[in-house]
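K.L.:
below are the sequence and a predicted model for it; my questions follow.
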Amino acid sequence: MPQFDRITFDPLIMGGRACIRGMRIPVSVIVGQIAHGASVDEILDGYPDLEPADIEQAIQYVGGTE
């Protein structure tokens, strides 16, 4: 079972949606950008508080893989 230590759920942040490390950056937004062809570097440029491992874990979380 994968460990998602970078994915958080807080009812006070984005209504409890899956977010990256307690920030107001939903996993769905990151994965959506990847699905529409954005590169990791482009996402990191747009969200400077993110780290490459955040994006990797978001993809794993949605894909259900380790």
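P.N.:
Received the coordinates, thanks. Numbers count the residues shown, from 1 in each chain.

K.L.:
can I get the helix or strand hosting G32 in PDB, CA atoms only?
P.N.:
Element membership for G32 (DSSP states H and E) is helix 27-35. Taking Å, rounded to 0.1, in the frame of the first residue of the first chain, the C-alpha atoms of helix 27-35 are listed here in PDB:
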ATOM      1  CA  VAL A  27      -4.000  17.200  -6.400                       C
ATOM      2  CA  SER A  28      -6.600  17.400  -9.200                       C
ATOM      3  CA  VAL A  29      -5.200  20.700 -10.500                       C
ATOM      4  CA  ILE A  30      -1.700  19.200 -10.700                       C
ATOM      5  CA  VAL A  31      -2.800  16.000 -12.400                       C
ATOM      6  CA  GLY A  32      -5.100  18.000 -14.700                       C
ATOM      7  CA  GLN A  33      -2.200  20.100 -15.900                       C
ATOM      8  CA  ILE A  34      -0.100  17.000 -16.500                       C
ATOM      9  CA  ALA A  35      -3.100  15.500 -18.500                       C
END
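
K.L.:
show residues contacting the lengthiest helix in the chain.
P.N.:
As assigned by DSSP state H, the longest helix anywhere in the chain is helix 52-63. For helix 52-63, the external contacting residues (CB atoms under 8 Å, 6 or more residues apart in numbering) are 2, 4-7, 18, 20-21, 27-28, 30-31, 34, 40, 43-44, 66. The C-beta positions use only the backbone N, C-alpha and C, and glycine is treated the same way.

K.L.:
any idea how far G32 is from D5?
P.N.:
To D5, G32 is 22 Å away according to CB to CB, to the nearest Å.

K.L.:
compare these two (neighbour count), which wins?
P.N.:
Applying other CB atoms under 10 Å to G32 and D5 shows that G32 carries more neighbours, namely 12 against 9.

K.L.:
hang on, the earlier thing: mind listing which of the contacts of helix 52-63 are in helices?
P.N.:
Those of those lying in helices (DSSP H): V27, S28, I30, V31, I34, V40, I43, L44.

K.L.:
report the buried members of those.
P.N.:
V27, I30, V31, I34, V40, I43, L44 (16 or more other CB atoms under 10 Å).

K.L.:
the second one touches I20, doesn't it?
P.N.:
Looking back up the chat, that one is I30. Yes - applying CB atoms under 8 Å, one finds I30 in contact with I20, separated by 6.9 Å.
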